[in-house]
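Asks: Structure of the sequence below:
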Amino acid sequence: MSTFSAQDFNAQRYFSVRPTYPDSFYNVLNAYHKGPQELVVDVGCGPGTATFQLSEQLDSFQRVIGTDLSPTMIESARSFQKQDPQKYSRISFEQSPAESFEFLKTCSNKQKCDMVTAVECVHWFNFAKFQESVANTLRPGGTLAIWGYGDFFFPDYPLLTAEIDKLSYADDKLGPYWQQPGRRIACEMLKELHFDSKWFQDVEEVYFYEDDLKDKNPGDIPLFMYQKLTLAQLKEYIKSWSGHHSWKKDNPNAEKDITDAFVERAIELYPQLNEKSELQITWRTFWMFARRRH
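Replies: Numbers count the residues shown, from 1 in each chain. Reported below is the predicted structural model:
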């Protein structure tokens, strides 16, 4: 997690290439939520990727607060908000640890929060402490919604799936540069984490793996996440990874960036490709919903 807080981490690049979440998923989330819709807190919001979507897709909520431990991420989110302050007038951002909701102390709706979301970030948390803090903040019946994605694959270029896995995890590639155990928990899509029945009920856990996603249309699966990127754009996406950031710091004088080596290998395997070639990448995805016990 400290990588994202580093002053030299490129939050703007991170924001510009992060995948977004389909409207169909927010329909599922909205249908799950019951009761008042006054306040939603998006924990671990990063540059606001999901926070801005929440304000648009769950527009019946009166207030949306995004929180993140990283001042770099909060600065990036506020910068984007300033581009259209009227559109995002219901949103505010707070620098805060995920396990703390102290910023709500001065608000009249302390412990009356209707929904807490945590998107592609829970792998960094103390999950037990986080759940207890959420339970103390949500109103009875309020929603805790966690969702995100694991690794991606190339449905049309299967040999590249093995190559991107090698780039991500091989000892001579990015493998040693991930913060653990967070990265392992993330790529396993939080399968080892479970809601505490002392605090939460009506649990819903849904996972989509490669076999579920192959040859599917976006409308078939609510959290179908894919992008069409050129190889050049894919390089920029990989450069947004915290693992690449750490690798770059450790190899400042590398003759060739590790992303260039990946593209060269892709073209070697599929000679019809070049840096301008567009490929579809598809992510394995999941969501976990629960309600605060009464």
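Asks: Now do the same contact list for the residue positioned nearest the centre of the chain.
Replies: The residue lying closest to the centre of the chain (CA atoms, centre = their mean) is residue 120, at 2.9 Å. Going by CB atoms under 8 Å, 6 or more residues apart in numbering, residue 120 touches 44, 46, 50, 147-149, 186. C-beta coordinates here come from the backbone N, C-alpha and C atoms, glycine included.
Asks: Show me these that map onto helices.
Replies: Applying DSSP state H to the contacts of residue 120, the entries found in helices are 50, 186.
Asks: and residue 208, what are its bridge partners?
Replies: residue 285 (DSSP bridges).
Asks: That one and residue 265, how far apart?
Replies: Using CB to CB, to the nearest Å, residue 208 is found at 27 Å from residue 265.
Asks: More neighbours: those two, which one.
Replies: residue 208 (22 against 16; other CB atoms under 10 Å).
Asks: if we can go back for a sec, which PyMOL command selects the buried ones in the contacts of residue 120?
Replies: Listed next is the PyMOL selection for buried residues among the contacts of residue 120, using 16 or more other CB atoms under 10 Å:
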select buried, resi 44+46+50+147+148+149+186
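Asks: Check the gap between residue 66 and residue 257 for me.
Replies: Using CB to CB, residue 66 is found at 32 Å from residue 257.
Asks: Equivalent analysis for residue 98, please.
Replies: From residue 98 over to residue 257 the distance is 32 Å, taken as CB to CB.
Asks: what does residue 202 give?
Replies: In terms of CB to CB, residue 202 sits 47 Å off from residue 257.
Asks: in the stretch 51-200 of the chain, which spans are helices?
Replies: Here the stretch 51-200 of the chain has its helices, by DSSP state H, counting those that start in this stretch, at 71-81, 127-137, 158-169, 182-187.
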